[in-house]
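Provided below are the primary sequence and the corresponding predicted coordinates.
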Amino acid sequence: MQVGLNILGAENLYGGAIRPVLELAARADRAGIDVITTGDHLGFNATAHAERRRTHNFPFPLEHDWYEPLSLLSSVAAVTERVLLNVSVLIATVRPPVLLAKQIATLDAISGGRAAIGMGVGWQEAEYTATNMPFDARFGRMEDTVRACRELWTKAPATFQGREFAFEEFHSLPSRFRSGCR
């Protein structure tokens with residue numbers, strides 16, 4: 001069994017300051033916690049947020065800070081040595097796949113192979129509208145995103161042809177996880 005610490009919202013324990021959360025993560029790592037996780041949202045439409053709170057008991061107020069998870073975990077990587085670094089659900093399909101693959105591979109390299117990212121499509125159409133990504137095509141886009149990331153992580157040069165994006169003989173380094181493709 002693994003024991004984890006979700007740092008999403010932990011800044012509220014420190015008067016809203018995010019930097020003390022890094023010390024919390026370092027202490028958790030030293031204490032033997034197995035995984036540190038956070039969540040992901042780029043932002044919210046006020047109406048969609050209110051509906052989510054009403055229908056799903058969404059625990060975060062509209063004014064809650066949502067730190068970009070890969071950036072936050074890169075900071076956590078710098079102050080920890082062994083703990084896995086996780087985004088419970090990274091809304092992968094609102095990000096360009098080549099950039100996403102680069103960000104995750106960079107986090108994995110910086111952390112010495114400790115990135116363990118869970119990808120998903122999210123529920124909020126407003127995040128797709130704000131990033132000019134098609135909401136209705138998110139499931140097919142997820143399939144292509146995962147395939148493109150794996151191609152970039154395991155081959156250099158990498159070639160991929162998807163429904164909405166493609167690359168050919170593309171070198172993106174670091175090209176793969178140090179601890180093996182997950």
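Received the coordinates, thanks.

Centroid-nearest residue for this protein?
residue 90 (3.8 Å; CA atoms, centre = their mean).

just checking, what's the longest helix in this structure?
Among the segments of the chain that qualify as a helix by DSSP state H, the longest is helix 138-154.

which of the residues in that helix are buried?
For helix 138-154, burial by neighbour count (16 or more other CB atoms under 10 Å) applies to 138, 141-142, 144-145, 148-153. (Glycine included, C-beta is placed from N, CA and C.)

and of those, the nearest to residue 163?
The closest of the buried residues of helix 138-154 to residue 163 turns out to be residue 144 (CB to CB; 5.8 Å).

Verify the stated contact: that closest one with residue 166.
No. Counting by CB atoms under 8 Å, residue 144 stays clear of residue 166, with 9.5 Å between them.

Common neighbours of these two, please.
residue 160 (CB atoms under 8 Å, 6 or more residues apart in numbering).

Just the element for residue 167, please.
Taking DSSP states H and E as the criterion, residue 167 maps to strand 166-170.

Show me what that strand is packed up against.
Other elements packing on strand 166-170 under the criterion 3 or more CB pairs under 8 Å, 6 or more residues apart in numbering; DSSP states H and E are strand 158-161.

Name every strand pairing with the strand it packs on and say which way it goes.
The strands beside strand 158-161 in its sheet (DSSP bridges) come out as strand 166-170 (antiparallel).

returning to what we had before: so what does the longest helix of the chain touch, helix or strand wise?
Partner elements for helix 138-154 (3+ CB pairs under 8 Å, 6+ apart): helix 97-110, strand 119-120, strand 158-161.

Show the average pLDDT along it.
Computed over helix 138-154, the mean pLDDT rounds to 96.

and it with helix 97-110, angle?
50 degrees (axes from the mean of the first three to the mean of the last three CA atoms, to 10 degrees).

Distance from the chain centre to helix 138-154, please.
Relative to the chain's own centre, helix 138-154 is displaced by 14 Å; criterion: CA atoms, centre = their mean, to the nearest Å.

Keeping just the C-alphas, turn it into PDB.
Extracted as PDB, the C-alpha positions of helix 138-154 are listed here (Å, rounded to 0.1, in the frame of the first residue of the first chain):
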ATOM      1  CA  ARG A 138     -11.800  15.600 -26.200                       C
ATOM      2  CA  PHE A 139     -11.900  11.800 -26.000                       C
ATOM      3  CA  GLY A 140     -10.400  11.200 -29.400                       C
ATOM      4  CA  ARG A 141      -7.900  14.000 -28.700                       C
ATOM      5  CA  MET A 142      -6.900  12.200 -25.500                       C
ATOM      6  CA  GLU A 143      -6.200   9.000 -27.400                       C
ATOM      7  CA  ASP A 144      -4.000  11.000 -29.800                       C
ATOM      8  CA  THR A 145      -2.300  12.900 -27.000                       C
ATOM      9  CA  VAL A 146      -1.300   9.800 -25.200                       C
ATOM     10  CA  ARG A 147       0.000   8.200 -28.400                       C
ATOM     11  CA  ALA A 148       1.900  11.300 -29.300                       C
ATOM     12  CA  CYS A 149       3.500  11.600 -25.900                       C
ATOM     13  CA  ARG A 150       4.600   8.000 -25.900                       C
ATOM     14  CA  GLU A 151       6.100   8.500 -29.400                       C
ATOM     15  CA  LEU A 152       8.000  11.500 -28.200                       C
ATOM     16  CA  TRP A 153       9.100   9.800 -25.000                       C
ATOM     17  CA  THR A 154      10.400   6.700 -26.700                       C
END
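
Okay then, goodbye and thanks.
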